[in-house]
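A.B. asks: Provided below for reference: sequence and predicted model.
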Amino acid sequence: MKLNFAQYRNDFPILGREVRPGIQLVYLDSAATSQKPLVVIESMNDYYRNHNANIHRGIHVLAEEATQAYEESRQKIARFIGARHAREIIFTRNTTESINLVAYSWARSNLKRGDLVILTEMEHHSNLVPWHILAEERGIRLEFIPVTDDGLLDQEAYHQLLQQNPRLVAFLHMSNVLGTINPAKDMIAAAHQAGAIALLDGAQSVPHFPVDVQDLDADFMAFSAHKMVGPTGIGVLYGKESLLSAMPPFLGGGDMIKKVHLHSFVPNDLPYKFEAGTPAIAEAIGFGAAVDYLSSIGMENIAIHERELIMYALESLNEIKGVDVLGPSASHKGGVAAFTVKGIHPHDVSQILDSEGLAVRAGHHCAMPLHEKLNIQASTRASFYLYNTPEEIDKLAAALLKVKKVFGE
Ligand code: 7TS
């Protein structure tokens, strides 16, 4: 039976608001951050109202309750992505910090001058800059899988790059600009065959369709709670236990140690070795509630709903003369439609859309190299989630016609 997704809108208090008198919010910016359902907001309120204490430390009721809720969230997230053990789930601040953890800890203890890291031309800056820093510091080499004219990764070029004995292949599962869903399982298998390990940027995939790290055989995967109906300030680095346990700590301080002497320390076991200092406790609890919420709807169902939305969006936008949607056809694409409007700057487009209540993003979306490759400075992006409706896409199309009218195009 097909689910009626409009019912879920009531779970998100913010979706009921007007952004100006009489102008209803149409939120089409979930690739930047998703909205939060009441159950997530309430779970964090409940922690602060009833259980607030530091974790892993005090022997009192509140500390035990807080610790239990924090660790339950880790277990929920482990199950959600199919990890073998909860200790393979490291809480970080976000996808960016998770990738930096790999770059600082794994890469600095495993890579030497001349070693090759393969990235792609469609990466978000957070999977580029940590490797630039390492290239400058260590002299590692970076190569990039090109993006084809169809908005896909050039798999032939990838297989050629693999012949150069890379140590690491790091790529995004789904592009935040093109919407491209990359064939992660095949790409990871090919990386392993070439003797490399694979880091998957799951920032745009984990929130939108079922992702199973064991099925993918990912060595590392990074993602953020705030893009999957959870709070800001918390993300995850998943890592295979064998890799994580061999890695040196990233940040030093409390909680990440077993013993400290004046001149030395003994690191803690996984996952605590990588969680220095008081973590984002309320956020971890909110993250657990977010995963429960998504699971109660079903990731398969969310993926089907977003597929319908993107197909309808492509149909509607392609009908408007001068609007050019970036990226592949719907069959390779998740719920992201970035586009240009001929002769009109994306900031002007989004400003007029905003006046109609539509929240979209304009700019390079932290993917400047990709925009350079596409020979454009910027684009306007509408991105969808489980709470969006076909009627909102109709509003987007109508507002774009108004944009063209205002600018006389
Ligand atoms: N990787 C991808 C593919 C992303 O889309 C983003 C955020 C990140 C990494 C970084 O995530 P963070 O939680 O560490 O910030 N993307 C976007 C976006 O498209 N608009 O705002 C943030």
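C.D. replies: Done, it's in.
A.B. asks: so which bits of this structure are right by the ligand?
C.D. replies: Counting by C-beta under 6 Å from any ligand atom, the chain comes close to the ligand at 31-32, 94-96, 124, 126, 172, 176, 201, 203-204, 224, 361, 365-366. (Glycine included, C-beta is placed from N, CA and C.)
A.B. asks: leaving out sequence neighbours, find the closest residue to Leu400.
C.D. replies: Take Leu400 and drop its neighbours on the chain: the residue closest to it by C-beta to C-beta, 6 or more residues apart in numbering is Ile320, 5.6 Å away.
A.B. asks: quick check, the one you found in contact with Lys402.
C.D. replies: No: checked against C-beta atoms under 8 Å, the pair Ile320 and Lys402 is beyond contact range at 11.1 Å.
A.B. asks: the more surrounded of these two?
C.D. replies: Ile320 (17 against 13; other C-beta atoms under 10 Å).
A.B. asks: where's the more buried one, which helix or strand?
C.D. replies: Using DSSP states H and E, no element contains Ile320; it sits outside every helix and strand.
A.B. asks: start the count at 115 instead of 1 going forward.
C.D. replies: Noted, 115 is the first residue going forward, which turns the last one into Ile434.
A.B. asks: per-residue pLDDT, it?
C.D. replies: On pLDDT, Ile434 comes in at 98.
A.B. asks: and it, how close does it get to the ligand?
C.D. replies: 23 Å (C-beta to the nearest ligand atom, to the nearest Å).
A.B. asks: check contacts around that residue.
C.D. replies: Ile434 sits next to 511, 514-515, 518 when contact means C-beta atoms under 8 Å, 6 or more residues apart in numbering.
A.B. asks: surely Lys487 touches Glu237?
C.D. replies: No: using C-beta under 8 Å, Lys487 is not in contact with Glu237; the gap is 11.2 Å.
A.B. asks: neighbour count: the two, which is higher?
C.D. replies: Glu237 (24 against 14).
A.B. asks: so that one sits against Pro483, correct?
C.D. replies: Yes: counting by C-beta under 8 Å, Glu237 touches Pro483, with 7.4 Å between them.
A.B. asks: in the stretch 415-523 of the chain, which residue sits closest to the ligand?
C.D. replies: His479 (4.6 Å; C-beta to the nearest ligand atom).
A.B. asks: and the helices in the stretch 115-264 of the chain, which stretches?
C.D. replies: Under the criterion DSSP state H, counting those that start in this stretch, helices of the stretch 115-264 of the chain are mapped to 152-160, 175-194, 209-215, 222-224, 243-252.
A.B. asks: that older thread, buried ones among the residues of the chain next to the ligand?
C.D. replies: For the residues of the chain next to the ligand, a neighbour count by 16 or more other C-beta atoms under 10 Å gives the buried set as 145, 208-210, 238, 240, 286, 290, 315, 317-318, 338, 475, 479-480.
A.B. asks: quick revisit: just the helices of the stretch 115-264 of the chain: most buried one?
C.D. replies: helix 209-215 (a mean of 24; mean count of other C-beta atoms under 10 Å).
A.B. asks: figure out how far that helix is from the centre of its chain.
C.D. replies: Put simply, helix 209-215 sits 11 Å off its chain's centre (C-alpha atoms, centre = their mean, to the nearest Å).
A.B. asks: the strands in the stretch 315-464 of the chain, which residues?
C.D. replies: 334-338, 349-353, 371-374, 379-381, 437-439, 450-455 (DSSP state E, counting those that start in this stretch).
A.B. asks: could those be laid out in TSV, adding mean pLDDT?
C.D. replies: Below are those laid out as TSV (pLDDT from 0 to 100):
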stretch	mean pLDDT
strand 334-338	99
strand 349-353	99
strand 371-374	95
strand 379-381	95
strand 437-439	98
strand 450-455	98
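A.B. asks: among those, which is nearest Ala197?
C.D. replies: Set against Ala197 and scored by C-beta to C-beta, the strands of the stretch 315-464 of the chain come closest in strand 349-353, at 5.8 Å.
A.B. asks: can you check what angle separates the closest one from helix 175-194?
C.D. replies: With axes from the mean of the first three to the mean of the last three C-alpha atoms, to 10 degrees as the basis, strand 349-353 and helix 175-194 are set at 60 degrees to each other.
A.B. asks: partners of strand 349-353 in the sheet?
C.D. replies: Applying DSSP bridges to the sheet, strand 349-353 is found paired with strand 203-206 (antiparallel), strand 334-338 (antiparallel).
A.B. asks: excluding sequence neighbours, find me the nearest residue to Phe323.
C.D. replies: Closest residue in space to Phe323, ignoring its immediate chain neighbours: Ala417 at 3.9 Å, by C-beta to C-beta, 6+ apart.
A.B. asks: can I assume Gln318 is in contact with Leu292?
C.D. replies: No: applying C-beta under 8 Å as the test, Gln318 and Leu292 come out as separate, 10.4 Å apart.
A.B. asks: need the overlap of contacts for these two.
C.D. replies: Val450.
A.B. asks: domain assignment for the protein?
C.D. replies: 119-143+413-520, 155-410 (automatic domain parsing).
A.B. asks: ok, Gly265 - contacts?
C.D. replies: Gly265 neighbours (C-beta under 8 Å, 6+ apart): 289, 292, 294, 440-442, 446.
A.B. asks: could you redo the last one with a cut-off of 7 Å?
C.D. replies: Residues in contact with Gly265 (C-beta atoms under 7 Å, 6 or more residues apart in numbering) are 292, 294, 440-442.
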